[in-house]
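Asks: sharing a model prediction with you, sequence too.
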Amino acid sequence: MRSSLNECQDASASSLLDWAGLADGGLAEAEACVDGALESLIVHRDGDAVRAWLNICPHAGRRLDWAPGEFLRTKDGLLVCAVHGATFELSEGLCVGGPCRGQSLSAVAVEVRDGVVRLSADALGTAALRTGG
Ligand code: FES
């Protein structure tokens, strides 16, 4: 059961961030209504692909960023949870090291439309969608 503070009214507010502002290989944090709740998302650009996950670590349910939108990376590009150091690869969101090894971040379906990263119609479940055009 979610707190009423996390509930959001406008499920159609699906715009997350400008595609042009997200560097290739980069990570950003955005908030969006997912399943009727306001959630923090991790957004990752990989060439022409965009992926997003809930900003919730499968280990202890904490945010992964050390400050809003500030993510730690290893030298070889893995995402590091700032709380206890779990590491995640960024193609599937799989934890490859640390206390939740073998578990995955929860994927959120996103797409790029009209130069904006947006939630897809089916907001949960698909790890990555190719960008249009
Ligand atoms: S909450 Fe992320 S590693 Fe513990």
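Replies: On my side now, so go ahead.
Asks: tell me which residues touch Ala32, please.
Replies: With CB atoms under 8 Å, 6 or more residues apart in numbering as the criterion, the residues that contact Ala32 are 13-14, 16, 38-39, 41, 108, 119. C-beta: built from backbone N, CA, C; applies to glycine.
Asks: may I ask which of these has the most neighbours?
Replies: For the contacts of Ala32, the largest number of neighbours (other CB atoms under 10 Å) sits with Val108, at 28 neighbours.
Asks: ok, Ala49 to Gln103 distance?
Replies: Here Ala49 is placed at a distance of 22 Å from Gln103 (CB to CB, to the nearest Å).
Asks: do Leu79 as well
Replies: Relative to Gln103, Leu79 is positioned 14 Å away (CB to CB).
Asks: in terms of neighbours, single out the busier of these two.
Replies: Neighbour tally, Leu79 and Gln103, criterion other CB under 10 Å: the higher count belongs to Leu79, 23 against 16.
Asks: my read: that one touches Glu70, true?
Replies: No. The pair Leu79 / Glu70 is not scored as a contact, 11.9 Å apart, by CB atoms under 8 Å.
Asks: what is in contact with these two at once?
Replies: When contacts are counted by CB under 8 Å, 6+ apart, Leu79 and Glu70 have no shared neighbour.
Asks: which positions in the protein make contact with the ligand?
Replies: Near the ligand, the residues belonging to the chain are 57, 59-60, 62, 81, 83-86, 98-99 when assessed by CB under 6 Å from any ligand atom.
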